[in-house]
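**Student:** Sequence plus predicted model, see below.
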Amino acid sequence: MNAHRTPWDAIRRRIYVAWLNRRRGVQVSPSVYFGRGATIQTGSDGCAFGGRVAIAESVTFSDGVIIATYGGSVEIGANVYVGPYCVLYGHGGLTIGRDTMIGAHTVIIPANHGFARVDIPIAAQPLTREGITIGEDVWIGSGCRVLDGVRIGRGAVIGAGSVVTQDIEAYGVAYGVPARPVRNRAAAIMTALLPDD
Ligand SMILES: CC(C)(COP(=O)(O)OP(=O)(O)OC[C@H]1O[C@@H](n2cnc3c(N)ncnc32)[C@H](O)[C@@H]1OP(=O)(O)O)[C@@H](O)C(=O)NCCC(=O)NCCS
């Protein structure tokens, strides 16, 4: 893949990574790829939120990806691919294990607005921030939404367009709104290995 990237891309990326690494709490491996318009934000909409970012080697952020800490942490393991126009928030903490792939236009949101009261605007009510953990070697299809408090186990597959509201077990395959488990990759392999009788 790197062979198709232009020298200008490489220079642009190196300058951006060096600039990011000067910021407090931000650690980005020099081998991370940023597509056009891909950004890491520790502040946005005119506000500085702070937060912590750690991006390991050989991560790819495709065009238009936004990583926004909102005061929380975003930790991404080696070789993770984040597809075009994904938005990954940090509020309550987001951890993504190595070798995971995330399809285009997916949004991961480790926070929820409280809305128990009706006498004050929702925007003025406290956020809950439980955090999201995604294991190694997970494949999240395009256009998914992963909501606060969810843990997705290693090797899981999430179908395109899913809204993940509950934990998905390791090697689970799940899809839909809300995402429901349909099978388990590891169990399917074990069954195939068992002798017929
Ligand atoms: C989930 C997925 C991996 C395939 O899983 P699978 O269990 O092999 O699914 P199948 O193709 O055998 O389909 C099984 C059933 O689930 C349905 N289904 C498959 N994917 C679905 C999805 N994402 N959402 C809802 N239903 C889905 C199928 O229509 C089929 O329904 P039926 O039994 O009524 O005919 C695939 O459909 C998918 O969503 N891939 C993501 C592609 C993508 O976004 N790539 C981004 C590039 S990184």
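**Tutor:** Everything's here; your move. Residues are numbered from 1 along each chain as shown.
**Student:** Please see if stretch 154-167 touches the ligand.
**Tutor:** Yes. Stretch 154-167 reaches the ligand (Cβ under 6 Å from any ligand atom) through 157, 159-161. Glycine gets a C-beta too; all of them are placed from N, C-alpha and C.
**Student:** Get me the contact residues on this protein for the ligand.
**Tutor:** 83, 101, 103, 141-142, 157, 159-161, 173, 175-176, 182.
**Student:** Can you check those and name whichever has the most neighbours?
**Tutor:** In terms of neighbours by other Cβ atoms under 10 Å, these top out with residue 83 at 22 neighbours.
**Student:** From residue 116, how far out is that residue?
**Tutor:** The gap separating residue 83 from residue 116 is 35 Å, by Cβ to Cβ, to the nearest Å.
**Student:** so for stretch 134-145, what's the average pLDDT?
**Tutor:** Here stretch 134-145 scores 98 as its mean pLDDT.
**Student:** Would you mind giving the secondary structure of the residue nearest the centre of the chain?
**Tutor:** Against the mean C-alpha coordinate of the chain, by Cα atoms, centre = their mean, the closest residue is residue 88 at 4.9 Å. Classification of residue 88 by DSSP: H, G, I helix; E, B strand; the rest coil places it in strand.
**Student:** So it is in contact with residue 80, correct?
**Tutor:** No. Judged on Cβ atoms under 8 Å, residue 88 makes no contact with residue 80 at a distance of 10.2 Å.
**Student:** you'd agree residue 70 is up against residue 111?
**Tutor:** Yes. Applying Cβ under 8 Å as the test, residue 70 and residue 111 come out as touching, 7.0 Å apart.
**Student:** Look up the residues that both of those two are in contact with.
**Tutor:** 89, 91 (Cβ atoms under 8 Å, 6 or more residues apart in numbering).
**Student:** ranges for the helices of the chain?
**Tutor:** Assigned by DSSP state H, the chain shows helices spanning 7-21, 185-193.
**Student:** Lowest mean pLDDT across the ones you listed, which one is that?
**Tutor:** When I compare these, helix 185-193 is least confident, with a mean of 83.
**Student:** could I have that helix exported to PDB, CA atoms only?
**Tutor:** Extracted in PDB, the C-alpha atoms of helix 185-193 (Å, rounded to 0.1, in the frame of the first residue of the first chain):
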ATOM      1  CA  ARG A 185     -16.400 -17.900  14.500                       C
ATOM      2  CA  ALA A 186     -14.500 -20.000  17.000                       C
ATOM      3  CA  ALA A 187     -17.500 -22.200  17.900                       C
ATOM      4  CA  ALA A 188     -18.100 -22.800  14.100                       C
ATOM      5  CA  ILE A 189     -14.500 -23.900  13.700                       C
ATOM      6  CA  MET A 190     -14.600 -26.200  16.700                       C
ATOM      7  CA  THR A 191     -17.900 -27.800  15.400                       C
ATOM      8  CA  ALA A 192     -16.300 -28.400  12.000                       C
ATOM      9  CA  LEU A 193     -13.300 -30.100  13.600                       C
END
